[in-house]
Every structure is written in C-alpha cells, then in structure tokens.
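K.L.:
Provided below for reference: sequence and predicted model.
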Amino acid sequence: MLNISNKSVHKKLDLTEYNSGKLIVNKQYYKQFNRVSILFLLLMLVTMFLPWTQNITGKGKVTTLKPTQRPQNIQSPIPGRIEQWYVQAGDFVEKGDTILRISEVKSDYFDEKLLERTNNQIQSKSKSIQAYKGKTNALKDQIVALKNEQSLKLQQAKNKLLQAKLKVQSDSIDLEAFRTNQTVAETQFNRIQTLQQEGLKATKDVEEKRLKLQAAQAKFISQENKLLESRNKVINAEIEMSRINATYADKIAKSQSDIFTAESSKLDIEVQVSKLENSYSNYSKRIDLQYVTAPQNGLINKTLKGGIGENIKEGESLVTIMPADYDLAVETYIRPIDLPLIHIDEKVRVQFDGWPAIVFSGWESVSYGTYGAKVVAIENYISDNGMYRILLSQDKDDHAWPTGVRVGSGAKTIALLDDVPIWYELWRQLNGFPPNFYNPANKATAQKK
C-alpha cells in the first residue's frame, strides 16, 4: 500500500479472510533467509582465518638450463659459395656430421696444390737451415784449427825469442871478454911505449903491441855489433809474436763474424719456416672449414640459406639446430619490488601453455595441473622490459614435467612465499602493500650455523 490517502484500506479490510492473504501474511520467509545469511557469514568468518600462501605470479617461456642445450645458429666460418647440401629441415644429425660444403671465393686460395707447394717451400727452407748449421760447425772447426796453429806459431816464436835472448847473453859475455882483452892490450901498449921512451924496448916491440891493441879494439867493436844484432833479433822475435797474435786474432774474428752471419741467416730462415708452417696449418684448417659440420647431436630446425651457388659471408647464419639432449627450464620475470622476496632454491609452481590446470594460487594443495620448480639463478641486472629475469629448473622432489613441453612455449609461474590468514591477504591487497619480507627456513638455519 502506498498510503497516499488519509483513508487506510487495511484498517477496514482483514486480509487474512482471503486465501491469498493467508498465504502471504502468515508465512515467515525471513526466517530461512536469516538462517542462510547467518550460515554464509559464519562460513565467511571461518574462511577469513584459513591459511593463504602469499605468492608472486609471472609469465615466461620454456628454455634450457645450460647455454649449450639451447637452439643455436650454425654460422659460416669463412666466406664462400654454397656447393652442396647434405641435410634438410627436420633431419637428425650427430656431432661431426656434414651439413653443407662451401667453396672458396678468394683468389688467395684458388690453387688446388696450395698445401703441396707450401710444404715444398717448408722442406727447402728446412734444408737451408741444415746448410747454415753445417757452415756454422765448419767455421767453429776452423776457429779451433786457427787457435791450434796460433799456439804452435807462438811457441815457435817464443823459442826464437828465447834463442835471441840467449844469443844476446852470450854476445854480452863475449863483449865483456873482448873489452877485457882490449883493456889488457891498452895496458901492455902503454907499458911497452913507456919502456921504449926509457930506451928499454925496441920500436919493433912497440909496433907489435900497437897491432895487438888495434886487433883487440877491432874484435871489441865487432863483438859489440854482434850484440846489437842479437838484441835486434830479440826485438824482431817479440814483433813476430805480436804479429802472430794480431794475424790469428783477425782470422779468428773473421771466422766468428762469419759464424754470427750464418747464425743470423739461420734464425731468419727459421722465422720464414715458422711462418710457412703457420700458413700451412691455416690452409689445412681452412680446407676443413669448407665442410660445415654439426657441433653436437640435434635436430635441424630450419635452413636459413638455400640454393646452390649462393655466396655467403663469414659469420653468416646457415641453419638452426636444436640439441638432442637438454634439461628444460623456465625463465620468468618479476617486478623489482618483488626481487628481495626471491631466493635460490625457492619453491615455484609452473603452469605450461596447452596443459589444462585448475589453479588456486594461495592453496597449492587443491591446485591441479601445475608442476614443481626451483629457483636456480636470479639476474642481478634489470632487463629491457623493466623486470628481473629468474631461471627455474625442475624440482626433482615433485612429479616430472610433461614430456610434450617444447623449448619456447609459454609458461605461467607462481612463486610461493609466506603463509598468512586470508583476511590479512585481503587487507594487504586492498592497501597495495607488497608481500611479507621473509627468509626461507633453510636460509635462516644456514645463517644460525
């Protein structure tokens, strides 16, 4: 009733006298509603105190745990021209299998006998080294012979010098004898001359003594000349020794100079041989590089180049290979504000794209279709998308990841944190606060130890 009139109908009419009024007025609908409302409120109140696991969600993709297990591009090690393909997309190859063959496009390597000719140059230069070694040994033998000859010559010159010195000594003695004879002859001549003046000796005797004196003087002068000649021989012998030393020193120095020249030439040839051997090794390796081989066992995903006769550059990608053996991992990204909450070996739940799942992020036990993972690496530098990259590996204590997961597929991650009541989590979400900062149990135990 709208009660817009001053006359109230319900005061004049009794609705309970009618059947419809009896059904409406006497029936108490509010009692059932109140019971349901009270039950719902009690249920909500109990639910508010149930435990809820705080978590950090993120999106990522499936990758591999090790860099060597990830898809890789096989690049051309040298510039060239494609000559022949040995594989196609989807083929399985083993390590060392030939993928394609390329030919040279540089004129420096067109010679088909390049290795043979380089090897011949190495052999020739090596023989030159042996020749210089022989020359060096011959010069050393020559020096030894010159030193022996010098020793003999010096010994001979020393003997001559000794003879000359002995001759000087002998002539000196003879000179003293002749000097004595001359003195005696002078004394006798003076005496006989005095006696002649006194009339005691004849003139004949004086002449005889004069002759003897002159003979003694002549012998003395002659012996003095012999002594000077002997002394000259001593000087000549000493000069000869000096000449021998100088002559053989010059010869030995020349031989040593020739040895140094030969050694220098030998070293120069050795440098050339080393360069040729290096070139030979490079040429040999370059020939091997004409055959592009698989670095490991894997599956050819895609050929990036096609056709025959197409020129390629050095370092240009040719094919993409997926390794046969790999350990799956998931890379995901989290916000910088959540980074302090993530720790190594932290438990994480993963949901893979294409696998059905029923997820209650705060109740791990009632979720279905998620798989266990652990944090193995946390990037210390922010990515281009403004978030930090986290690498997850399979949790061996949990059930295994599905075998159909492929590298590159999408994944959703839920990092499990601290357990709190639901009312606290709602309050935190309404206020926009971050999850509780905490340390895992194993970390705290390790710090205590």
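P.N.:
Noted; the coordinates are in hand. Numbering: from 1, shown residues only.

K.L.:
Could you pull out the buried residues of stretch 152-161?
P.N.:
153-154, 157, 160-161 (16 or more other Cβ atoms under 10 Å). Glycine gets a C-beta too; all of them are placed from N, C-alpha and C.

K.L.:
Going by distance to residue 262, which of those residues wins?
P.N.:
Nearest to residue 262 among those, counting by Cβ to Cβ, is residue 153 at 26.7 Å.

K.L.:
In terms of helices and strands, where is that closest one?
P.N.:
If you go by DSSP states H and E, residue 153 is part of helix 114-197.

K.L.:
Just the mean pLDDT for that helix, thanks.
P.N.:
Across helix 114-197, the average pLDDT comes to 86.

K.L.:
what's stretch 392-411 in contact with?
P.N.:
By Cβ atoms under 8 Å, 6 or more residues apart in numbering, the surrounding residues in contact with stretch 392-411 are 59-65, 70-71, 322, 326-332, 347-348, 350-355, 371-376, 413.

K.L.:
now with 6 Å?
P.N.:
Residues outside stretch 392-411 that contact it (Cβ atoms under 6 Å, 6 or more residues apart in numbering): 60-62, 65, 329-330, 348, 350, 352-353, 371-374, 376.

K.L.:
distance between the longest strand along the chain and the chain's centre?
P.N.:
For the chain, the strand that runs over the most residues, judged by DSSP state E, is strand 51-64. Centroid separation between strand 51-64 and its chain, computed with Cα atoms, centre = their mean, to the nearest Å, is 40 Å.

K.L.:
tell me what it is packed against?
P.N.:
Using 3 or more Cβ pairs under 6 Å, 6 or more residues apart in numbering; DSSP states H and E, the elements in contact with strand 51-64 are strand 328-334, strand 410-421.

K.L.:
Who are the packing partners of the next helix or strand after that strand?
P.N.:
Counting by DSSP H and E, the element after strand 51-64 in chain order, helix or strand, is strand 72-75. With contacts defined as 3+ Cβ pairs under 6 Å, 6+ apart, the packing partners of strand 72-75 are strand 317-323.

K.L.:
C-alpha coordinates for stretch 269-289, CSV please?
P.N.:
C-alpha atoms of stretch 269-289 as CSV (Å, rounded to 0.1, in the frame of the first residue of the first chain):
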residue,chain,number,x,y,z
ILE,A,269,115.3,-18.9,-42.3
GLU,A,270,113.7,-20.4,-39.1
VAL,A,271,111.4,-17.5,-38.9
GLN,A,272,110.4,-18.0,-42.5
VAL,A,273,109.9,-21.7,-41.9
SER,A,274,107.7,-20.9,-38.9
LYS,A,275,105.6,-18.5,-41.0
LEU,A,276,105.3,-21.1,-43.7
GLU,A,277,104.3,-23.8,-41.2
ASN,A,278,101.7,-21.4,-39.8
SER,A,279,100.4,-20.7,-43.3
TYR,A,280,100.4,-24.5,-44.0
SER,A,281,98.4,-25.1,-40.8
ASN,A,282,96.0,-22.3,-41.7
TYR,A,283,95.5,-23.6,-45.2
SER,A,284,94.9,-27.1,-43.9
LYS,A,285,92.4,-25.9,-41.3
ARG,A,286,90.7,-23.7,-43.9
ILE,A,287,90.2,-26.7,-46.2
ASP,A,288,88.5,-28.5,-43.3
LEU,A,289,86.3,-25.4,-42.7
